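1. what would the 3D arrangement of this be:
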Amino acid sequence: MNEQDLNAYLENFKKELIEVIEQQLNKPEKQLLTFREAAEYVGVSYNTFQKFRYNGLKFFEVDGIKRIYKKELDEFIKNNSL
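-> You can find the predicted model right below:
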């Protein structure tokens, strides 16, 4: 591979990388979170997050699958902050 081929390869790689990054940035923000995603979102362990549930965090369950609206989680954190 000569220098010209390498430069062409790198330029193509750069374009593909930019395209992938732009696709990720343009994704709509996820509104429903699993419990693990929610714990990660607020930066606590899964076990600590379970305590949030027992302290009034609202969630919903359909056919055994539990989900939390990100908006609800933000409100819970806001209302329970000192």
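2. the longest helix seen in the chain: how far from the chain's middle?
-> Ranked by residue count under DSSP state H, the longest helix found in the chain is helix 3-25. On the basis of Cα atoms, centre = their mean, to the nearest Å, helix 3-25 sits 25 Å off its chain's mean C-alpha point.
3. try stretch 68-75
-> Distance, centroid of stretch 68-75 to centroid of chain: 13 Å (Cα atoms, centre = their mean).
4. give me the contact list for it.
-> Stretch 68-75 has contacts (Cβ atoms under 8 Å, 6 or more residues apart in numbering) with 29-35, 38, 41-42, 57-60. Bear in mind the C-beta positions are built from the backbone N, C-alpha and C, glycine included.
5. tell me the spacing between N79 and L57.
-> 10 Å (Cβ to Cβ, to the nearest Å).
6. tell me which of these two has more neighbours.
-> L57 (19 against 8; other Cβ atoms under 10 Å).
7. domain parsing for the chain?
-> Taking automatic domain parsing as the reference, the chain has its domains at 1-27, 32-79.
8. ok, of these, where does mean pLDDT dip lowest?
-> Lowest mean pLDDT of those: domain 1-27, a mean of 86.
9. off-centre distance for that one?
-> The answer for domain 1-27 is 25 Å, by Cα atoms, centre = their mean.
10. over to stretch 39-56?
-> So, by Cα atoms, centre = their mean, the centroid of stretch 39-56 is 15 Å from its chain's centroid.
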